[in-house]
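# one predicted model, sequence on top.
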Amino acid sequence: MNILSPSILAADFNILGQQIADVQKAGAPYLHVDVMDGMFVPSISFGMPVIKSIRSATDMVFDVHLMVQDPIRYIDEFADCGADIITFHLESAPDCFAVIDRIRACHKKVGITIKPATKVEELIPYLDKVDMILIMTVEPGFGGQPFIEASYDKIRALRSLLNERGLDTDIEVDGGITFDNVRKVIEAGANVIVAGSTVFRGDAAGNTRELLRLMESN
Ligand code: DX5
Ligand code: ZN
């Protein structure tokens, strides 16, 4: 099943609650929440208080993407404030197995992600230990960047590594997803689609419906 995860990084924070209600009503099941610490990535976004505050307003699945150095320090807090899936960067953690165990101990779904320059093969030790693998399709840190074309090969390579092992793990893509390329990333093997600018620039509900229409499997 294909799942849309609108990224609130591109939302209008002045009317965040309304924007979330709009995308939920239009049919988006997940909400993508980008946490940046100004260390692992140059920018700083938002953290636990924002997540806690929107948690009470919606029952959408909170798909929390940690762009944070040494993420094990914060897993319990993100679990407590309402994350449902916690995704961390392979490059950010000295011991990825320990982070995975910590997320599991909090009874949350586990995601692992790699930056554009990191090879898919580096994920091999973790393939059967996670619920979702996020292939970053832009350099993490900012919304509104163009999709990196080399990502299609990475998605295809990851899907075959999973198939070879009999795993049907979710593959998420994040960055530069548009009405023009969403079908192509799905055909390459992705099934969880993050979109920030494409959803929140203009009519968030209309954009959500259009993406969902393009994502329908046939
Ligand atoms: C980038 C973030 C993305 C971002 C995507 O570091 O991880 O989730 O919101 O934004 P768009 O869809 O505008 O590229
Ligand atoms: Zn993200």
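Looks like it arrived, so ask away. Ligands and ions are numbered 1, 2, ... in the order given.

# tell me who's in contact with whichever residue of the chain sits closest to ligand 1.
Nearest residue of the chain to ligand 1, counting by CB to the nearest ligand atom: residue 196, 2.9 Å away. No exception for glycine: its C-beta is placed from N, CA and C like everyone else's. Residues near residue 196 by CB atoms under 8 Å, 6 or more residues apart in numbering: 6-10, 32, 143-144.

# out of those residues, which end up buried?
Buried by 16 or more other CB atoms under 10 Å: 6-10, 32, 143, out of these.

# which of the residues you listed fall in strands?
6, 32 (DSSP state E).

# near ligand 1, from the buried ones among the contacts of residue 196?
7, 9-10, 32, 143 (CB under 6 Å from any ligand atom).

# ok, of the residues you listed, which one's closest to residue 56?
Taking CB to CB as the measure, residue 56 sits nearest to residue 32 out of these, at 18.6 Å.

# which residues does the closest one bridge with?
For residue 32, the beta-bridge partners under DSSP bridges are residue 7, residue 63.

# equivalent analysis for residue 171, please.
residue 133.

# from here on, call the first residue 650.
Sounds good: first residue 650 from here, last item residue 820.

# against ligand 2, how distant is it?
Noted for residue 820: a distance of 14 Å to ligand 2, by CB to the ion, to the nearest Å.

# show me what contacts that residue?
Residue 820 touches 781-784, 804, 807-808, 811, 838-841, counting by CB under 8 Å, 6+ apart.

# what about the lengthiest helix in the chain, average pLDDT?
Criterion DSSP state H: the longest helix present in the chain is helix 800-813. Helix 800-813 shows a mean pLDDT of 98.

# flag every buried residue along it.
Going by 16+ other CB under 10 Å, helix 800-813 has these buried residues: 800-801, 803-808, 810-811.

# sorry, back to before: go through the contacts of residue 845 and name the one nearest residue 753.
Among the contacts of residue 845, and counting by CB to CB, the member closest to residue 753 is residue 681, at 21.2 Å.

# give the contact list for that closest one.
654-658, 712, 714, 823, 843, 845.

# need those residues in a markdown table (columns: distance to residue 733).
Formatted as a markdown table, those follow (distance: CB to CB, whole Å):
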| residue | distance to residue 733 |
| --- | --- |
| 654 | 11 |
| 655 | 15 |
| 656 | 15 |
| 657 | 15 |
| 658 | 18 |
| 712 | 7 |
| 714 | 12 |
| 823 | 16 |
| 843 | 15 |
| 845 | 19 |
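
# can you name the residue of the chain nearest ligand 2?
residue 714 (3.7 Å; CB to the ion).

# wait, a helix at that residue?
No - secondary structure of residue 714 (DSSP: H, G, I helix; E, B strand; the rest coil): strand, not part of a helix.
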